[in-house]
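Student: Sequence first, then the predicted structure, then my questions.
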Amino acid sequence: MLPIFAYTSIDSTNIKAKELASTGAANGTMVIADYQTQGRGRLGKDWLSSAGRGLYCSIIVRPKILIDAYPQITLVAGVALAQYFEQLINRKIQLKWPNDIFIGGRKCAGILTESALPAAREERYAVIGIGININHKLTDFPQELRSKVTSLYLQKEMLFDIATIGQEVRDTVLEQLSLYEKNGLKHIIGQWKERDFLKGKKTQWVSSQRKLIVGTALGIDDKGLLYVEDEQGAIHEVLSGDVQLAEK
Ligand code: BTN
């Protein structure tokens, strides 16, 4: 049995998982909490962590991959979650690069992967933090988010057992990761491209030079990098930042 550290309340499951990983916790160890006081998303955003509504968990992984490949872990976890949700609620899932899970154009889950990559290979790890809107009603979200988010409950009109989903999510993520370690990224990229939310859409993001780039998302390449063609026809690799649908 792989270890699970379960908390009623915690600052952030990612913070706890990083502590455990840095003191040697095994591949597959999971931290799960009913409620987070400092739930975090990508780019320093807050992650709403209402008690008893969502899954807030972090899975420690120690894949045998090169350091350069660590950013791909988020894509692998995204495909695992998409396949899992598709069989759970029988709806088509979309993936918004690099870490969002969408249903019907609204965000249902997000992934925050944090890695420690020292020279000693056996000390390396990633923590895959996963937040899923499970039993949320629309009124559980702040007013300004209500047009942008969804939950499994809102999609299926039934309540789900959060602990069971936690166990199944860990199993499915670990299974996809071990397939990826064995077979490489090719299959994952194929699965990811089938669900690409942004491809062909008009998008905008702020580049590392703080310039607003508006253009059409071209989709991801074989390494999982996203490209956008701007209105002058120049092609940009999106290195970081938050890619959004363009406002007009
Ligand atoms: C995102 O969409 O930006 C990523 C959200 C990740 C949220 C999860 S909830 C469990 C884990 N602990 C955190 O503090 N964040 C992740």
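Tutor: Cool, got the structure. Residues are numbered from 1 along each chain as shown.
Student: So which bits of this structure are right by the ligand?
Tutor: 12-14, 36, 39-42, 45, 47, 56-58, 99-100, 110-112, 129-131 (C-beta under 6 Å from any ligand atom). In short, each C-beta sits where N, CA and C put it, glycine included.
Student: In helices, which of those fall?
Tutor: Of the residues of the chain next to the ligand, the ones assigned to helices by DSSP state H are 13-14.
Student: need the contact list for Leu154.
Tutor: The neighbourhood of Leu154, defined by C-beta atoms under 8 Å, 6 or more residues apart in numbering, consists of 133, 136-138.
Student: ok, the residues you listed vs Ile188, which is closest?
Tutor: Nearest to Ile188 out of the contacts of Leu154 is Asn133 (C-beta to C-beta; 23.9 Å).
Student: And the closest one, how close does it get to Leu185?
Tutor: 28 Å (C-beta to C-beta, to the nearest Å).
Student: Look at the two and report which has more neighbours.
Tutor: Neighbour count, other C-beta atoms under 10 Å: between Asn133 and Leu185, Asn133 has more, with 26 against 17.
Student: Residue of this protein nearest the ligand, please.
Tutor: Evaluated by C-beta to the nearest ligand atom, the chain has Gly110 as its residue closest to the ligand, separated by 2.0 Å.
Student: Tell me the pLDDT of Ile130.
Tutor: For Ile130, the model assigns a pLDDT of 98.
Student: Residues in a beta bridge with it, which ones?
Tutor: Cys57, Ile111 (DSSP bridges).
Student: I'd like to check which residues are in contact with it.
Tutor: Here Ile130 is in contact with 55-59, 77, 81, 109-111, 169, 173 (C-beta under 8 Å, 6+ apart).
Student: Show me this protein divided up by domain.
Tutor: According to automatic domain parsing, the chain comprises the domains 4-194, 202-245.
Student: any idea which of those domains scores lowest on pLDDT?
Tutor: Here the domains of the chain differ in mean pLDDT, and the lowest is domain 202-245 at a mean of 90.
Student: Quick check: Tyr180 vs Pro63, distance?
Tutor: 8 Å.
Student: Neighbour count: those two, which is higher?
Tutor: Tyr180 (23 against 19).
Student: That one contacts Lys186, correct?
Tutor: No: applying C-beta atoms under 8 Å, one finds Tyr180 not in contact with Lys186, separated by 9.6 Å.
Student: how near is Ile165 to Ala51?
Tutor: Going from Ile165 to Ala51 by C-beta to C-beta gives 16 Å.
Student: Compare those two (neighbour count), which wins?
Tutor: Taking neighbours as other C-beta under 10 Å, Ile165 and Ala51 compare with Ile165 leading, 20 against 12.
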